[in-house]
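J.: this one's structure only:
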Ligand code: GDP
């Protein structure tokens, strides 16, 4: 078993899609180990996305991520990181494969409904950012 972090982003919580996303995750056999609801402030969002420092979209992304409730959750499954990336699909929903969560519900390349860790090392870091684990 391995773990990864998923975040339901503000565009999805605003559209009341938390339960929908949880159902998709459970149907794909992810176990939800822990979850919480919170709103990030500017400096927390910048810290979380520090890897994107210098990117043209960072300011807009930070503003978006602070614009409403988010739901981070720890997910567990065999091959959790790669399987979750496959389930959510490409960053830009216009490029996401049919059947992925982003294909089905994302609004655009920024308001793309969910975040998922992209490596085991980042999963560890991102889980400890939100949870005492
Ligand atoms: P992810 O790993 O698929 O989430 O994608 P990245 O790590 O590349 O980017 C982090 C987040 O920044 C994405 O999920 C989007 O919310 C946002 N983002 C990425 N690329 C762009 C872009 O070109 N424009 C805007 N406005 N936002 C972007």
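T.: Nice, thanks for sending it over. Small disclaimer: the values here were computed from a predicted structure and weren't measured.
J.: Please count neighbours and contacts with C-alpha atoms only from this point.
T.: Noted.
J.: Nearest residue to the spatially most central residue of the chain in space, please, no chain neighbours.
T.: With distances taken as C-alpha atoms, centre = their mean, the residue of the chain nearest its centroid is residue 115 (1.8 Å). Closest residue to residue 115 apart from its sequence neighbours, by C-alpha to C-alpha, 6 or more residues apart in numbering: residue 7 at 4.9 Å.
J.: continuing past the helix or strand harbouring that neighbour, what's the next helix or strand?
T.: Per DSSP states H and E, residue 7 falls inside strand 2-8. Going down the chain from strand 2-8, the next helix or strand is helix 10-14, by DSSP H and E.
J.: Please identify the buried residues of that next one?
T.: Within helix 10-14, the residues that count as buried by 16 or more other C-alpha atoms under 10 Å are 10-13.
J.: Stretch 2-9 too?
T.: Within stretch 2-9, the residues scored as buried using 16+ other C-alpha under 10 Å are 3-9.
J.: tell me, which of these make contact with the ligand?
T.: Restricting the buried residues of stretch 2-9 to those touching the ligand (C-alpha under 6 Å from any ligand atom) yields no residues.
J.: Closest to the ligand out of those?
T.: Nearest to the ligand out of the buried residues of stretch 2-9 is residue 9 (C-alpha to the nearest ligand atom; 8.5 Å).
J.: Now do the contacts for that closest one.
T.: Residue 9 sits next to 65, 69-71, 111-115 when contact means C-alpha atoms under 8 Å, 6 or more residues apart in numbering.
J.: now do residue 46
T.: Applying C-alpha under 8 Å, 6+ apart, the residues near residue 46 are residue 62.
J.: Only the buried residues of the host helix or strand of it, if you could.
T.: Residue 46 is part of helix 42-48, with elements assigned from DSSP H and E. Buried positions in helix 42-48, judged by neighbour count with 16+ other C-alpha under 10 Å: 42, 45-46, 48.
J.: Now render those as CSV, adding pLDDT and distance to residue 58.
T.: Listed next are the buried residues of helix 42-48 as CSV, based on pLDDT from 0 to 100; distance: C-alpha to C-alpha, whole Å:
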residue, pLDDT, distance to residue 58
42, 98, 11
45, 98, 10
46, 98, 8
48, 98, 11
